[in-house]
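[1] Build me a model from this:
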Amino acid sequence: MEHQYSDRIVRLLQLYLLGDITEEERQELEDWCEEAPRNRKLFEQICQEDLFSKERYVYEKINDTKAFSVFEKRVRKVSSRSIGNWWKYAAVLLFPILVVGSWKLMHETEQVSIVASSVAPIQPGCSQAVLVLDDGRKVFLKEEEEGVISEDKEITVTGEKDRLVYTSSEGKNVDEIRFNELEVPRGGEYKVRLADGTLVYLNSATRMKYPVKFDEKERKVYLSGEAYFEVAKDPERPFFVEMEGVEVRVYGTSFNVNTHQEGNIQTVLVKGSIGVKVLSSGMESVIRPGQMAEFKQGNTKVDVKDVNVAVYTDWKDGIFRFENQRLEDILAVLSNWYDMNVFYQTVSVKELHFSGYMERYKDVSVILEAITLSTGVTFSIQGKTIIVSK
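    Next up, the predicted model:
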């Protein structure tokens, strides 16, 4: 029974989410949900308000008849697969399938499976980092790292599972500003709670330099890579994040900064208020929640625009969320997280655009097969290298 439902159910889910479902189709979908607990679970997962409502405007622009026609052709070519395999990809595929009509380029594919070498599979990232203490010593941090790492009269540094915690002595007087650096490699992520109580989520390929204890005037850290900040409120001491050519000023708020794209720095505000200043010109722009300030090297000011903040912040909650992004940019994100390299046999596929929602901790082959099913791009894995072609 489930074999004959696979493509039909995807269609019913599409109609339901777009609000175009008839009463008969709604009942058919409800009957399917009642057949098995996993059916109901999947239905509830993809209908979560915080998942779908933010992307609804994208779906409403879709030529869904054309999109589903393309999908049907591909499903028939893999119909010999078990329903277990179909289910394996469902959570990843449903959103890419629904938006396939908005991608710039579509090709049919005769092969869905990913060709891989016999080398150990590419693994998703995990909690890991290197702490560089002020005396130059390095401490390699892994998940479940617990216990006191460093201690003196001013500060105690403790490992607590997936994060570092700095506990400061009373008072804001500092005898001498001392810095630590936290380096997160490709294939890693880590958190740190600074001495003032600010919590920072560090993404893959990120480095942050910061005082072990802030002085009484200001709180400033230096960042390269991507991080999400939940800044502790302290009206008397503004918090600064300095990157190459840009400084973010904040008193107490949540925001994401990203310097991974060469020559481009993005700052996205979730709540509160921040100022983004171009250091070369001194020009500062104040942005509101739901906005992004983007700085391109060589400019004298930042560009401010409204964005869907979830696209830029869901990584910290274990989610990849892409919104009409180029395949090259998507694979750049994946390469940092999975610590892999990407080689393009067909350069034109870099310009494919993709919108989707995927779990960050899935096997990379599941994500790649989702893209293959929806765009016709093929991937092969050779060791730690992904080869991309039509």
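[2] List the contacts of the residue nearest in space to the middle of the chain.
    By CA atoms, centre = their mean, the chain has its centre lying nearest to residue 315, at 3.1 Å. Shown in contact with residue 315 (CB atoms under 8 Å, 6 or more residues apart in numbering): 203, 226, 228, 360. Where you see a C-beta, it was placed from the backbone N, CA and C, and this is true even at glycine.
[3] The last one is in contact with residue 336, isn't it?
    No - in this structure residue 360 lies outside contact range of residue 336 using CB atoms under 8 Å: 11.4 Å.
[4] all helices of the stretch 251-390 of the chain, in order?
    309-313, 327-338, 364-375 (DSSP state H, counting those that start in this stretch).
[5] What number of residues are in the vicinity of the residue nearest to residue 387 when sequence neighbours are not counted?
    Counting by CB to CB, 6 or more residues apart in numbering, residue 387 lies nearest to residue 380, which is 4.7 Å off, once chain neighbours are set aside. Neighbours of residue 380 under the rule other CB atoms under 10 Å: 16.
[6] beta partners of residue 380?
    As for beta bridges, residue 380 partners with residue 115, residue 387 under DSSP bridges.
[7] neighbour-wise, which of the contacts of residue 315 leads?
    For the contacts of residue 315, the largest number of neighbours (other CB under 10 Å) sits with residue 226, at 25 neighbours.
[8] give me the beta-bridge partners of that one?
    Under the criterion used (DSSP bridges), residue 226 bridges to residue 258.
[9] Would you mind confirming that it makes contact with residue 259?
    Yes - between residue 226 and residue 259 there is a contact at 7.1 Å, judged by CB under 8 Å.
[10] that older thread, make JSON lines out of the contacts of residue 315 and add distance to residue 376.
    What follows is those, written out as JSON lines (distance: CB to CB, whole Å):
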{"residue": "203", "distance to residue 376": "30"}
{"residue": "226", "distance to residue 376": "30"}
{"residue": "228", "distance to residue 376": "34"}
{"residue": "360", "distance to residue 376": "25"}
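[11] Looking at these, which one is closest to residue 214?
    Proximity of the contacts of residue 315 to residue 214 (CB to CB) peaks at residue 228, which lies at 19.4 Å.
[12] Now the closest one. Nearest residue, chain neighbours left out?
    In space, residue 228 is closest to residue 201, 4.2 Å off (CB to CB, 6+ apart).
[13] where does the closest residue to residue 121 other than its chain neighbours fall, phi/psi-wise?
    Take residue 121 and drop its neighbours on the chain: the residue closest to it by CB to CB, 6+ apart is residue 363, 6.9 Å away. When read as degrees, to the nearest 10, the backbone of residue 363 gives phi -60, psi 140.
[14] about what we covered before: just the contacts of residue 315: which are in strands?
    226, 228 (DSSP state E).
[15] Using pLDDT, spot the least trustworthy of the contacts of residue 315.
    Looking at pLDDT alone, the contacts of residue 315 dip lowest at residue 360, where the score is 87.
[16] How about the contacts made by that residue?
    124, 125, 315, 318, 319, 320, 337.
[17] Show me which pair in those is furthest apart.
    The span of the contacts of residue 360, defined through CB to CB, is set by 125 and 319 at 13.4 Å.
[18] Between these two, which is the more surrounded one?
    Higher neighbour count among residue 125 and residue 319: residue 125, with 19 against 16, using other CB under 10 Å.
[19] right, and the more buried one touches residue 338 too?
    Yes - using CB under 8 Å, residue 125 is in contact with residue 338, at 6.8 Å.
[20] what sits in contact with each of these two?
    Joint contacts of residue 125 and residue 338 (CB under 8 Å, 6+ apart) are residue 187.
[21] just so I have it, where are all the strands in the stretch 101-250 of the chain?
    Using DSSP state E, counting those that start in this stretch, the strands found in the stretch 101-250 of the chain span residues 115-116, 126-132, 138-142, 147-151, 155-160, 163-168, 179-184, 188-193, 199-202, 206-211, 219-224, 226-230, 239-243, 246-250.
[22] partners of the fifth one in the sheet?
    Read that as strand 155-160. By DSSP bridges, strand 155-160 pairs with strand 147-151 (antiparallel), strand 163-168 (antiparallel).
[23] What are the contacting residues of it?
    The contact list for strand 155-160 (CB under 8 Å, 6+ apart) reads 131, 141, 145-151, 164-169, 180, 195, 212-213.
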